[in-house]
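Novice: With the sequence up front, the predicted model follows.
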Amino acid sequence: MGLCIDDHNCSDSNRLYHFFNGDILLSAGNYDCLMKKLRTNINEKWVDENNILHIKYIEGAVVDMPAIKKSTEENQALLNGKKEFVLCDARAFFTVTPDAQKYAHHEIMNKTRVATAVVSNKGFVRLLVNFAIQFSKLRSSVKMFSNEKQALKWLYELKSG
């Protein structure tokens, strides 16, 4: 039995997500594809039909070293070890420990990512991300957005580009 939802702000109003044992069968228009959706203690994540990794942080999550290392392994498994184009939904309140933040900059952003679009309207998140963009030596593209559709458009353009 499937469940119709639209919590991902998709523009296609005919899009259906059917949940089966932690997998999602995505049905829209002329295609069907099976996507894995994982929910951990810090985030939900899935790969869409364009191989964009969506990461949505959970309200109140604490991202520490064990959690971020496990999350990185899960991300790599979802994308079969390929470098990632990521939509990071950081609209929830969550905490990142200093060591996990350093790991994210040096190990994740520089080794596993091609581009990351961060969606948030929180001033602190915007400040933190903009600081990382300007002062960290990141090898991947990072950009802040307040709108998920604009973030996805940017990722799609980079990916096709």
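Specialist: Yep, it's here.

Novice: now residue 78: how far from residue 91?
Specialist: 21 Å (C-beta to C-beta, to the nearest Å). C-betas here are computed from N, CA, C, even on glycine.

Novice: out of the two, which sits in the busier spot?
Specialist: Between residue 78 and residue 91, counted using other C-beta atoms under 10 Å, the more crowded position is residue 78 (20 against 17).

Novice: The chain: strands as residue ranges?
Specialist: 16-20, 23-28, 31-39, 43-47, 53-57, 62-63, 84-89, 95-96, 113-119, 141-145 (DSSP state E).

Novice: which regions of the chain sit below the pLDDT cut-off?
Specialist: For the chain, applying pLDDT under 70 flags the ranges 1-36, 132-133, 135-136.

Novice: go again using 50 as the cut-off
Specialist: 1-33 (pLDDT under 50).

Novice: Need the distance between the two termini of stretch 138-153.
Specialist: Chord length of stretch 138-153, first to last residue, is 21 Å (C-alpha to C-alpha, to the nearest Å).

Novice: Other residues contacting it?
Specialist: For stretch 138-153, the external contacting residues (C-beta atoms under 8 Å, 6 or more residues apart in numbering) are 8-9, 11, 52, 87, 89, 105, 109-110, 113-121, 126, 129-130, 132-133, 154, 158.

Novice: in that stretch, what's buried?
Specialist: 138, 140-145, 148, 151-152 (16 or more other C-beta atoms under 10 Å).

Novice: okay if I get those residues as JSON lines plus distance to residue 98?
Specialist: Formatted as JSON lines, the buried residues of stretch 138-153 follow (distance: C-beta to C-beta, whole Å):
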{"residue": "138", "distance to residue 98": "18"}
{"residue": "140", "distance to residue 98": "21"}
{"residue": "141", "distance to residue 98": "24"}
{"residue": "142", "distance to residue 98": "19"}
{"residue": "143", "distance to residue 98": "24"}
{"residue": "144", "distance to residue 98": "21"}
{"residue": "145", "distance to residue 98": "25"}
{"residue": "148", "distance to residue 98": "28"}
{"residue": "151", "distance to residue 98": "26"}
{"residue": "152", "distance to residue 98": "30"}
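
Novice: so which two of those are the farthest from each other?
Specialist: 138 and 148 (21.8 Å; C-beta to C-beta).

Novice: Residue 90 - how many residues pack around it?
Specialist: Residues near residue 90, counting by other C-beta under 10 Å: 22.

Novice: oh, I was asking about residue 60
Specialist: Using other C-beta under 10 Å, residue 60 has 10 other residues around it.
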